[in-house]
Structures are given as C-alpha cells and as structure tokens.
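Participant: when you get a sec, could you give me coordinates for this:
(chains A and B)
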Amino acid sequence: MKRKVLSILLSLTLMGALLAGCGEAAAPASSAAPAAESGEASAAPAASSDIKVGVIYIGDENEGYTYSHMKGIDDMQANLGLSDAQIIEKTNIPEGEECYDAAVDLAEQGCNIIFANSFGHEDYMIQAAGEYPDIQFLHATGFQAASSGLPNFHNYFTKIYEARYVSGIVAGMKLKEMIDKGEVTADKAKIGYVGAYPYAEVVSGFTSFFLGARSIVESATMEVQYTNSWADMSMESEVATKLIQDGCVLISQHADTTGAPTACESAKVPCVGYNVDMISVAPTCALTSPTNKWGAFYTIAVDSFMNGKEIPVDWAGGYAEDAVEITALNSDAIAEGTEEKVKEVEDALKAGTLHVFDVSTFTVDGKPIEDDLVSDGYYHESEKVSAPSFSFIIDGITTQE
Amino acid sequence: MTKRGSISRARAWGIRVAAVILSLIVCAIVIVVITKQNPIQVYAGIIDGAVGTKRRLWVTIRETIFLLIVAIGLTPAFKMKFWNIGAEGQILMGGAVSAALMIYLGKTLPNSVLLILIFVLSALAGMIWGLIPAYFKATYNTNETLFTLMLNYVAMQIVTFCIVYWENPPGSNTVGVINASNQGGWIPPLFGTYGMCVILVTAVTVFIAIYMKSSKQGYEIAVVGESQNTARYAGINVKKVIIRTMMLSGAICGFAGALIVSGSSHTISTGTAGGRGFTAIIVAWMSQFNPVIMVVVSLFLAFMQQGAIQIASQFGLNENASDIITGIILFFLIGCEFFVNYKVELIGKHKEA
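Facilitator: The predicted structure is shown next:
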C-alpha cells in the first residue's frame, strides 16, 4: 500500500513537472520566430542592431585553432559593440553535410553574415551560398571564392607566414646562442618540424619559419615529418621525439596540440609552438608561438558589411593589418638580444621593406624558383588567393611523409 | 530479488514511462547543478533544435533513418546471436564504393542507371565485408566479435587510402563534394530533401520485418540463435544460415553507406559512418529487435543529437552536455529493463516465498 501511494505521488509530481515543461517550452520558440523573420527581411542592414552573425567552428574552446577564432569573434564583438544575441556560434561541426545543415540553419535563424573556419567546410558553404544569395558567406583557409563566381562567397586567411618567419628569427637566435656556447656545432644545427599534412599551407608555413631561422644561422638545415592529422597529441609527441633522436636540436610544429612541446620539455630541447602559448606545458623550452589574430578580419568583414561596403573576395592580412603576431617570448628560454631582433624584423615586415619569400634567399634544386607569383624579387604569398600556395621544398629542407 | 514469471504489458510500460520521467528529472538536476541553466529552457532548446524548423525536422528525419537502416541491418545477425559489431566497416565499404562510382561514372552515366549501380555495388561491398567474418565463423568457429571489429579498422584504412587517392585539392586530405556541378550519383529529392531516402529505408525495414517474422529463413535464423544444436537436430544447415544471414546484414549496412554518401554527404571520409554502426547496436538491443520500436528509439537518439547542437549554440554549452543527457536517459531506459524482469523484495519476504 505504502508503495502504491508513493508511486502515485511520485508520478503526479512528475506529470506536473512535465506539463510545466511543455507550457514553458512553447514560449521561447514563438518569441524566436519573429526575430528570425525580421533578420531575413532586411538583407542589407544599415544599423548595427540589425546585424546577426553566424559562426561555424570545426572544434570548440578546447582546441587551439578554434579557440583563436572564437577569440577573434569576441574581439570583433567588442570592437563593434554587438550584443550576445547578435552572434550565434555552432561548435564541433564536422567537415560534411553537417556544415551545410549548420549554415542553412544559421541563415534561417536570420544571420546575414556567416563564417566557417575549417578547410573542409568550403564546399558546403558554397552550396549554402548558392541558395541564399542575400547572405554573405565567409570561409577561412579556402581557395574557391574567386573561382566560384558567387558574389556572396569569400575566403579569408592571415599571412601567418610572417609570424612564422618572426618565430623563425626567435629560433635562429636560440640556435646561434647554442652554437656560440659550443652546445652544438654550426654544421649540426638541424631543426625538426612536426607538420600536419604535405599541403601548401603547411609547406608555406615551415618554409617561412626556416627562412627566418636561416637568416640568423646560415648553416641551419631542417627535417620535416608529417603526422597526417591536424591534431593528434600522441602522434605529434612521437614525431617530435623521433626528430630529436634524428639529431634535431630545435623543434617547431604546424599541428594543433601540445604534443610536441611536451616531448621537447622532457628532452630539454627548445621549441616553437603554434597558435597558443606553450609556456605552461614547456616552461623551460617553449620560446614562443606564431599566432593568428582573427579578430582583425572579423572586425573588417562585419564592419564593411554594416556600412554597406564590399567585403573583399579574398582577404589575407599580416603584421601591417595586425592580423598575426607571436605570443609572449619566454624569458627563461630565449637567447639574449632576441627581443630587439624581433622588433626590428616586425617593423620591417610592417613597413613592407622585408619580404619573407625573397627569392634571393633560397633555391630549389640549386636554382632560384620561377613562378607566376614571383615578381619584384619575391613570391607574392596569399595575395592573389588568400590561402597559402607556396609549395616548393627549398634546398636545406628535407621532408619525410 | 526474484525473477518475474510474467508481467502485464501495461505494467511493463508503466515502469518504462516512469524510467523516462525519472531520467528527465535527474537530467534537469544535473543541468541546474552543472550549468546553472534553467532545465526547462534547455529542454525547449532541444525540441527547437530537433524540430523547430522544417529544415531541422528534415535533418532529424535523415539522422533517424540512417540510424534505423543500420539497426535493421544488424537485426538478422544479432537475432542469430552473431555479434556483428562491424557495421561501421560495412557502411564505410558501401560508402567508398558509392563515392568511387560517383567519381568515375558520375559524368558519363545517366543518373538513374548510376544510382541503381551504386545501390547494387555498395550493397555488394557491404555483403563481402559481412561474408568474410561469417565464412571464418562458420568454417573455423573464429570469434566474430573480434573479427568484425578488426575489419572496421581495415575498412577505415581503405577509406583513408581512397581519400589520399581522390583528394581534392591534393594534400588537403579531403575529397570535397563530389559532382557538385551536375549532381551525378546524388539521390534526387522527393517531397523534400530526403524523401527518397525515407522511402528506401522504409522499404528495407518492412522487408526485414516480414523476412524475420514470416519467412522460413527468418525462422531458421531464430532457431540458430537459440541453439545451434537444436538447429542441427532440426536439419538446418547452420553454416549456410550463418553465411547467408551475414551477407544480408552486411549488404544492408553497405546500402546504408550508399544512402549516406549519395543521399546526404556527397563525399567520403573516415567519419562517413560517424559511429552509427555502434549506436545502431544500442538501437537494435533496446528495441529487442522490434522494427517499430527501432523507429522510435532511432528517432529519440537523432532527436537528442540534433537538439544538442541547438543547446550547444544557444547556451554556449558543449555538445557533451547532450551526451550527458542522452547517457542519463539511456541508463534509465536500459536499467528499467531490470525492474521489468526482476522483482525487488525484502529478504525476509523472499524466504517465505
């Protein structure tokens, strides 16, 4: 009897809770609908209150690459004074039909400008852009904006190679110090590089890093090994360890996790990270990390759109646009005089007097390169198409897949 | 604690409904404690995300039918107590074949011919992937659980290889949308984006339901599942039944791969199967192989999954929040079967009985 009463009582309360749930459930849904309609109605909003920004991320705040984009969106929001309700973010969207679903869902929620941050999102963004001509679709790291012929589809990237070059300077200074101290001989100054894929973005990145380092230590060489994954902690750590065993005395990376710095810290080998400050995982070894400041573009894009200005088909910004930087130098690890040298190089890049891919500084198979993008003595990286295109393996670098 | 002899249907369902309600309350408590969000709003967000707009409804339907067809594919094997946990690989093989046909023939063959070819050959690929462990099980009595599991990794490596082979642009490690220009090998929309897929999955579901319930072969499967010795005594060729059933199971999973690739993603990646091969096991078991209940369970899981995407963006929660919710609900649902099958009594009382 007691059990029966109890069960009746319990089910009654549950019913009550459920009914209350249903009643409330209807309210927010209906209040959301008119907001979406008003957003769609005004395709080209003049006031900042009409704008709604949608963002599609491959990962979430726990993943360095996406984290830096999220930070960029936050900066944009602060710069332009948008409210939280004007920004809808979707995290962990894979590179498949889920991206298309997310894009059209954002469109239907009334977003008038939609960003996506991963390479494999591009085809799905183009698909959505074709169906919603009044909405602007912007895709990071892609390469099809110019060729797609869609006026509402854009690509953006940063000239991260500039920051990589500067981080190469930091690495070169460290190498020079190690040689001066007699820890390594000049002919053994080999750098190890943990790359993700044998892909232009990665090649462009490690070449610029290497050119930076070699501008300080002329005898430097570099060995690149690929993990075939953008983020694989144990693989990156394993590859870094292997490079160190191969005689590399300094490690850098184009991969998203802290695997390599962790391995470097235990082997006491200096390292340059990527995207995020690695000092917390490698306090005595992490020198710095080149990083993107996506906020620069997000601000420009949303601001242009709000003011009825054209958004560039392809956009890539570097030091001059404040779109890249290196993270705080680790005073426990860097060589003396690094700060001054970094400042000097950064200023030269900003002023446009120094070009990273200066064809007089490198050769391929013993000869200077010939390419349509070479003019005025340097390779015009990320200028015609925002995605990096430099894919030559220059002399001094050996790669292993 | 005693095993219940029998239990009235109403009572069994009463227990299950109570479990669902209890689980929702526990979820609500978890949401409040961990995220400080109003649980009712979070539930509303889930509902909005799953069925809030026409497009979201279609996506939920799509995820439901993809999960359903894999569960349906697993049913004959599981009914035979052949633990096929290789659906993931069978889907991938079917998907890879579809992608190959789309890439190589997408520009030359008329779409209807190509689609039929895709369906047949992808089912064949899945069938082969099911046949291999079945042959070894039937002939050498190898452990099918390990065998099918390991074949998943083989399939994954084959797909990885194909991606490198077909990648566009080179070095990007993605295949991209295949035939975006002429939509060759894409399943055409019908009453909405995924109407055709719904019809195909329904057809397969009905076929399997009838096959399992009313055909001689379906009965043989059940007998082999209950006891191989009985089956042998009754003159059933156990070896033949095992191989035939796994071929069927694999073929349906391969066909599911074709639906996913041709009907929805139009690309191939190692994530094409997306864990559906494993989730479908839960679906099949929870529904006790009843196709109608499978529809409900698939819908529920797809619903939660789509709702999760919404609450993640609406409340700034991680998708994992919905995994917690789904996990709690599944825990209660599976756990309640214990109370359906057993009666909890005080020890003293038990002795009297």
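Participant: next up, the contacts around residue B:83.
Facilitator: Taking Cβ atoms under 8 Å, 6 or more residues apart in numbering or on different chains, we find residue B:83 in contact with B:77, B:144-145, B:148. (C-beta placed from N, C-alpha, C; glycine too.)
Participant: give the buried subset of these as a ChimeraX selection command.
Facilitator: Entered in ChimeraX, the line below selects the buried ones among the contacts of residue B:83, by 16 or more other Cβ atoms under 10 Å in any protein chain shown:
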select /B:77,144,148
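Participant: go through the contacts of residue B:83 and flag which are in helices.
Facilitator: B:77, B:144-145, B:148 (DSSP state H).
Participant: domain assignment for chain B?
Facilitator: With domains defined by automatic domain parsing, chain B comprises B:1-37+B:317-353, B:55-306.
Participant: rewinding a little: out of the ones in helices among the contacts of residue B:83, who's nearest chain A?
Facilitator: Chain A lies nearest to residue B:148 out of these, by Cβ to the nearest Cβ, at 24.6 Å.
Participant: that closest one against residue B:88, yeah?
Facilitator: No. Counting by Cβ atoms under 8 Å, residue B:148 stays clear of residue B:88, with 9.1 Å between them.
Participant: circling back to that earlier point, what is the most widely separated pair among the contacts of residue B:83?
Facilitator: The span of those, defined through Cβ to Cβ, is set by B:77 and B:145 at 11.3 Å.
Participant: residue in the stretch 301-401 of chain A with the shortest distance to chain B?
Facilitator: In the stretch 301-401 of chain A, the residue that lies nearest chain B is residue A:391 (7.8 Å; Cβ to the nearest Cβ).
Participant: can you check the stretch 201-350 of chain A too?
Facilitator: Among the residues of the stretch 201-350 of chain A, residue A:228 lies closest to chain B, at 7.3 Å counting by Cβ to the nearest Cβ.
Participant: just the domains of chain B: most buried one?
Facilitator: Compared across the domains of chain B, domain B:55-306 shows the largest average neighbour count, a mean of 21 (mean count of other Cβ atoms under 10 Å in any protein chain shown).
Participant: chain center to that domain, what's the gap?
Facilitator: Centroid separation for domain B:55-306 versus its chain: 8 Å, with Cα atoms, centre = their mean, to the nearest Å.
Participant: what is the end-to-end distance of it?
Facilitator: 12 Å (Cα to Cα, to the nearest Å).
Participant: before we move on, what about stretch B:80-94?
Facilitator: 23 Å.
Participant: what mean pLDDT does it get?
Facilitator: Stretch B:80-94 shows a mean pLDDT of 94.
Participant: got it, and stretch A:341-354?
Facilitator: Stretch A:341-354 carries an average pLDDT of 94.
Participant: who touches it?
Facilitator: A:162, A:165-166, A:169-170, A:173, A:212, A:216, A:318-320, A:326, A:329, A:356.
Participant: 6 Å - rerun?
Facilitator: Under the contact criterion Cβ atoms under 6 Å, 6 or more residues apart in numbering or on different chains, stretch A:341-354 has outside partners A:162, A:166, A:169, A:173, A:319-320.
Participant: make a PyMOL selection of the buried ones in the residues you listed.
Facilitator: Applying 16+ other Cβ under 10 Å to those, the buried members can be selected in PyMOL as follows:
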select buried, chain A and resi 162+166+169+173+319
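Participant: up against chain A, what does chain B have?
Facilitator: B:21, B:40, B:43-44, B:47-48, B:53, B:55, B:59, B:171-174, B:176-177, B:264-265, B:271, B:312-313, B:318-319 (Cβ under 6 Å from any Cβ of the partner chain).
Participant: can you give me the helices for the stretch 251-353 of chain B?
Facilitator: Along the stretch 251-353 of chain B, the stretches classed as helices by DSSP state H, counting those that start in this stretch are B:276-286, B:291-315, B:320-341, B:347-352.
Participant: which strands or helices does the first one pack on?
Facilitator: Which is helix B:276-286. For helix B:276-286, the packing partners by 3 or more Cβ pairs under 6 Å, 6 or more residues apart in numbering or on different chains; DSSP states H and E come out as helix B:54-79, helix B:87-105, helix B:291-315.
Participant: weakest of these by average pLDDT?
Facilitator: Least confidently modelled of the helices and strands packed on helix B:276-286 is helix B:291-315, at a mean of 86 by mean pLDDT.
Participant: who does that one touch, helix- and strand-wise?
Facilitator: Judged by 3+ Cβ pairs under 6 Å, 6+ apart, helix B:291-315 is in contact with strand A:87-90, helix B:39-51, helix B:54-79, helix B:276-286, helix B:320-341.
Participant: mind running it again at 7 Å?
Facilitator: On a contact count with 3 or more Cβ pairs under 7 Å, 6 or more residues apart in numbering or on different chains; DSSP states H and E, helix B:291-315 meets strand A:87-90, helix B:39-51, helix B:54-79, helix B:195-214, helix B:276-286, helix B:320-341.
Participant: just put the ones you listed in a markdown table and tack on distance to residue A:250.
Facilitator: Formatted as a markdown table, the helices and strands packed on helix B:291-315 follow (distance: least, Cβ to Cβ, whole Å):
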| stretch | distance to residue A:250 |
| --- | --- |
| strand A:87-90 | 37 |
| helix B:39-51 | 48 |
| helix B:54-79 | 47 |
| helix B:195-214 | 53 |
| helix B:276-286 | 43 |
| helix B:320-341 | 37 |
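Participant: ok, residue B:258 to chain A distance?
Facilitator: Separation of residue B:258 from chain A (Cβ to the nearest Cβ, to the nearest Å): 15 Å.
Participant: close enough to count as contact, that residue and residue B:94?
Facilitator: Yes. Look at residue B:258 against residue B:94 with Cβ atoms under 7 Å: they come within range, at 5.1 Å.
Participant: list the residues that contact both of the two?
Facilitator: Counting by Cβ atoms under 7 Å, 6 or more residues apart in numbering or on different chains, the common neighbours of residue B:258 and residue B:94 are residue B:122.
Participant: show the contacting residues for the residue nearest the centre of chain B.
Facilitator: The residue lying closest to the centre of chain B (Cα atoms, centre = their mean) is residue B:280, at 2.8 Å. For residue B:280, the contact set (Cβ under 7 Å, 6+ apart) comprises B:67, B:70-71, B:74, B:87.
Participant: okay, the residues you listed in a markdown table with distance to residue B:196 next?
Facilitator: Converted to a markdown table, those look like this (distance: Cβ to Cβ, whole Å):
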| residue | distance to residue B:196 |
| --- | --- |
| B:67 | 17 |
| B:70 | 18 |
| B:71 | 20 |
| B:74 | 23 |
| B:87 | 22 |
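Participant: closest to residue A:194 out of the residues you listed?
Facilitator: residue B:87 (35.0 Å).
Participant: now the closest one: closest residue in space that isn't a chain neighbour?
Facilitator: Leaving aside its chain neighbours, residue B:87 sits nearest to residue B:277 (3.3 Å; criterion: Cβ to Cβ, 6 or more residues apart in numbering or on different chains).
Participant: next: residue A:321.
Facilitator: Counting by Cβ to Cβ, 6+ apart, the nearest residue to residue A:321 once its immediate chain neighbours are dropped is residue A:296, at 5.4 Å.
Participant: could you check the pLDDT of the residue in the stretch 151-300 of chain A that chain B sits nearest to?
Facilitator: Here the stretch 151-300 of chain A gets closest to chain B at one residue, residue A:199, 3.4 Å apart by Cβ to the nearest Cβ. pLDDT, residue A:199: 85.
Participant: so how many other residues sit close to it?
Facilitator: Residue A:199 is flanked by 21 other residues according to other Cβ atoms under 10 Å in any protein chain shown.
Participant: any low-confidence regions in chain A?
Facilitator: Within chain A, the ranges that satisfy pLDDT under 70 run A:1-48, A:401.
Participant: how about the helices in it?
Facilitator: So, for chain A - with DSSP H - the helices run A:2-41, A:64-80, A:97-108, A:122-131, A:145-148, A:160-180, A:200-214, A:233-245, A:259-267, A:295-306, A:338-351.
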